[in-house]
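J.: mind looking at a prediction? Sequence and model below.
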Amino acid sequence: MTDLEIRLDPGERLSPDEAIAQDQALLRELEPEAARLYDRHAKVAQEWFPHDFIPYRLGRDFDKEPWTPDQPRLTGVAQTAFEIGLLTEDNLPSYHRLIHGMFGKGDGPWIAWVGRWTAEEGRHAIVLRDYLTVTRNIDPVMLERGRMTQLQQGYDHDSPGTLRGLAYVAFQELATRIAHRNTGRYSSDPVADKIMVRIAADENLHMVFYRDILGAALKVQPSAAVRAIVDEVLAFEMPGAGIPGFIRKAAQIAKAGIYDLRVHHDEVLMPIIRHWRIFELEGLDAGAEEARRRLAEHLQKIDAAATRFEQKMLTSTVPRIASAG
C-alpha cells in the first residue's frame, strides 16, 4: 500500500476536501507516467486533414438547389447513426471543460494532453459535417438545429474525480471507436467507411492513453481505483445520451448491431477490465472487494440481457451487421 492509498470500509466515502487532496496527490504521483504516455502518443499519432476525405466534386450550391429528402444515399439507421455520431462530437466544448477540470491547471503533461486530445477530437466533427453536407446525406438544416440544441444544452456534469473520470473516458473512447467504426461499415459507402476508419484510429489512441494511465493509478491506489471503475461501469452512459430522441435512436442503432449490449459487454467492458486484471488484483480493502462482487454480478446481467436481445433479433427484419470491434 502506498502513502496515497486510503483504505475504506464498505459504504464509507471520503469527504469533499479529502477527495480533492487525494486527487491532487494522485495527479502529482502520476505526472511522470502521464508525460511518458503523452510522448508515446505524439510519436504514433498520424497527422491527417479532414478535407482529404471529402468528395467535393459532389458538392452543389444549396441556394440554387436546396436539400430534398430524396437526395441522400444514406437512409434509415445509417442516417441516424451518423447524426448521433456528429452531434456527440459537436459537444467537444463541454467535454474539454470536464477533462480540464479533472486534470487541473498548469503547463505540465496533464494540460498538454488536454490540449492535444481536444485538438485531435475537433477534427472529427469537421470531417463528419463536411461529408454529410457535401454528399447531402442528411438534411443540413436539421443538423445545424441539432448542433445548436446540443451545444446550448451541453454535457452538464460536474468534473469527476480523477479515478472515476479516467475510468469513464477509457470506456467511452473505446465505445465511441467501435460505434464510429461500425457506423462506417453499416453505411455501405466507401467514403463514409474511410472517414470512420480514420476517426476510429484517433479514438483508439485516446483510449490507450486513458486506459494505461488508469492502469498506472491501479498500482498507486488499487482499492480506490477498483471502486471508481466499478462505480463507472454500473453508471456508464454514452455522452450522446442528452440528444433529443436518443433512447429511440439508440434502440435503432442497437437493432442494426452497430452498438448493442453484446458489443458493450464483449468489445468495450471486458477487454479493458481484463487488461487491468481487475479480478486478479490482491490486497484490496473491503470496499473494493465488495465492488468487485458487484462488478461480476453486473457483467453477468449484461451478458444475459445481450443473449436475450440476440435471440429476439433472430426474427427481426432490420438489416444487421456482425460487430468487427
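T.: Received the coordinates, thanks. Values in this document were obtained by computation on a predicted structure and should not be read as measured data.
J.: surely T162 meets R28?
T.: No - applying C-beta atoms under 8 Å, one finds T162 not in contact with R28, separated by 10.9 Å. (C-beta placed from N, C-alpha, C; glycine too.)
J.: those two: who's more crowded?
T.: Each of T162 and R28 has its neighbours counted (other C-beta atoms under 10 Å); T162 has more, 28 against 13.
J.: quick one: contacts for the more buried one?
T.: Contact analysis of T162 by C-beta atoms under 8 Å, 6 or more residues apart in numbering lists D23, L26, L27, M102, F103, A217.
J.: if we go to 7 Å?
T.: D23, L26, L27, M102 (C-beta atoms under 7 Å, 6 or more residues apart in numbering).
J.: next, count neighbours for the spatially closest residue to A34 that is not a sequence neighbour.
T.: Distances taken as C-beta to C-beta, 6 or more residues apart in numbering put P109 closest to A34, at 4.3 Å, once the chain neighbours are dropped. By other C-beta under 10 Å, the residues close to P109 number 22.
J.: roughly how far does P109 sit from L205?
T.: 16 Å (C-beta to C-beta, to the nearest Å).
J.: next one: phi and psi at Y210?
T.: phi -70, psi -40 (degrees, to the nearest 10).
J.: in the stretch 101-250 of the chain, where is pLDDT below threshold?
T.: Per-residue confidence for the stretch 101-250 of the chain (pLDDT under 70) gives these ranges: 156-159.
J.: how much space between the residue nearest to A34 and P271?
T.: Using C-beta to C-beta, P109 is found at 26 Å from P271.
J.: which residues in the chain form helices?
T.: With DSSP state H as the criterion, the chain has helices at 16-44, 76-90, 92-103, 109-134, 140-153, 162-187, 190-220, 222-235, 246-255, 261-263, 270-276, 286-313.
J.: which stretch among these approaches W67 most closely?
T.: For those, the distance to W67 is smallest for helix 140-153, at 5.8 Å, taking C-beta to C-beta.
J.: who are the packing partners of that closest one?
T.: helix 76-90, helix 109-134 (3 or more C-beta pairs under 7 Å, 6 or more residues apart in numbering; DSSP states H and E).
J.: nearest to D266, out of those?
T.: That would be helix 76-90 among these, by C-beta to C-beta, at 19.3 Å.
J.: list the contacts of that closest one.
T.: 72, 74, 124-125, 128-129, 132, 137-138, 143, 146-147, 150-151, 179-180, 183, 186-187, 239-240, 243, 249, 252-253, 256, 258.
J.: re the thing from before, can I get the helices of the chain in CSV with distance to P66?
T.: Output for the helices of the chain, formatted as CSV (distance: least, C-beta to C-beta, whole Å):
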stretch, distance to P66
helix 16-44, 43
helix 76-90, 18
helix 92-103, 29
helix 109-134, 13
helix 140-153, 9
helix 162-187, 24
helix 190-220, 23
helix 222-235, 44
helix 246-255, 25
helix 261-263, 37
helix 270-276, 46
helix 286-313, 38
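J.: nearest spatial neighbour of S187, skipping sequence neighbours?
T.: A78 is the one closest to S187 (C-beta to C-beta, 6+ apart), at 4.7 Å.
J.: ok, now I178?
T.: E267 (5.5 Å).
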